[in-house]
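K.L.:
Here's my sequence, what's the structure:
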Amino acid sequence: MRGLQPGCIYHIFNRGNNRDILFIEERNYQYFLRLYRKYVEPVAATYAYCLIPNHFHFLIRTRTLEEQKVWKLGQGAKTSPVAQASWETFLACPARIECAFRETFPVCPARIECAFSPQTGKVCGAGENWKPLEPSQQFSNFFNAYAKAINKAYRRRGSLFQKKFHRLIVGDDEYLKRLVFYIHNNPVKHHITKDMTSYPYSSYGEIVRSETTIAGLDKTLFLFRGRDEFIHFHQRSRNNSDFSSI
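P.N.:
Next up, the predicted model:
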């Protein structure tokens, strides 16, 4: 199966091996998302997610190599005053081009060259010694870390997930909007809840409240031209049978 390519939007999903439960108790959901932020945020922005007991869905955009560098610089700025100064200069660049949805970190070659001078690189770790991360491998590391933790905690053996996680590339904006709804509506589809808006293990509530905890979720509203249309789209789609499956 072809690996995840940079700068592409994907629907990522998988289930438990033999439909086994992935999330046994509430703390498992939280731990799964902590690992997701650790392994996946450096290589992808997330536009929607949903976790239900035996499977999960993520809608992501993989970062380009330049965007990975910018992400690394931004993380370095949290712990280093010198990197922080470079990061602020980067953000204030007059050549910055804002992209509403597809570019999590707007990038121009001149800004990358300036931001990653040898001096700042030595501080933030994203300079000459920086190495790009491979998205498919990061997902694999993420799933392996979670499976090992669950097997140890609950004294189980064997594969936790199906062998390969599924990935479908997404290119059409209208389909993308339908997919956001499909992911948020997943617990209703599987009769876990009657109201997707109150389901605690999806990105719907985070996006509506603007309390996003995963990088990229704040960009999802741009696709719907704002919070109100995001809410209305989900309300309208509940009664549209064509949106019940993707």
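K.L.:
With just CA atoms, put stretch 181-197 into CSV.
P.N.:
The C-alpha trace of stretch 181-197 is given here as CSV (Å, rounded to 0.1, in the frame of the first residue of the first chain):
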residue,chain,number,x,y,z
PHE,A,181,-20.3,15.4,9.0
TYR,A,182,-20.0,11.7,8.4
ILE,A,183,-17.1,11.5,11.0
HIS,A,184,-19.0,13.5,13.6
ASN,A,185,-22.2,11.6,13.0
ASN,A,186,-20.5,8.2,13.4
PRO,A,187,-21.6,7.5,17.0
VAL,A,188,-25.2,8.2,15.9
LYS,A,189,-24.8,5.9,12.9
HIS,A,190,-23.6,3.1,15.2
HIS,A,191,-26.4,3.8,17.8
ILE,A,192,-23.9,4.9,20.6
THR,A,193,-25.7,8.2,21.1
LYS,A,194,-28.7,10.0,19.6
ASP,A,195,-27.0,13.4,19.6
MET,A,196,-23.6,13.8,18.0
THR,A,197,-23.3,17.4,19.4
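K.L.:
So which residues make contact with whichever strand or helix holds residue 143?
P.N.:
Under the criterion of DSSP states H and E, residue 143 resides in helix 135-153. With C-beta atoms under 8 Å, 6 or more residues apart in numbering as the test, helix 135-153 has contacts from 3-4, 6, 12, 14, 22, 24, 28, 31-32, 35-36, 38-40, 42-44, 62-63, 156-161, 165. Backbone N, C-alpha and C define where each C-beta goes, glycine included.
K.L.:
Repeat the analysis, applying 6 Å as the threshold.
P.N.:
The contact list for helix 135-153 (C-beta atoms under 6 Å, 6 or more residues apart in numbering) reads 3, 4, 32, 35, 39, 40, 43, 62, 160, 161.
K.L.:
Please report which of the residues you listed has the highest neighbour count.
P.N.:
With neighbours taken as other C-beta atoms under 10 Å, the top of these is residue 40, carrying 25 neighbours.
K.L.:
Name all residues that make contact with it.
P.N.:
138, 142.
K.L.:
go on, residue 9?
P.N.:
61, 170.
K.L.:
can you do 8 Å?
P.N.:
Residue 9 neighbours (C-beta under 8 Å, 6+ apart): 47, 59, 60, 61, 102, 169, 170, 171, 176.
K.L.:
circling back to that earlier point, for the contacts of helix 135-153, work out which two are farthest apart.
P.N.:
62 and 160 (24.0 Å; C-beta to C-beta).
K.L.:
Thanks a lot, catch you later.
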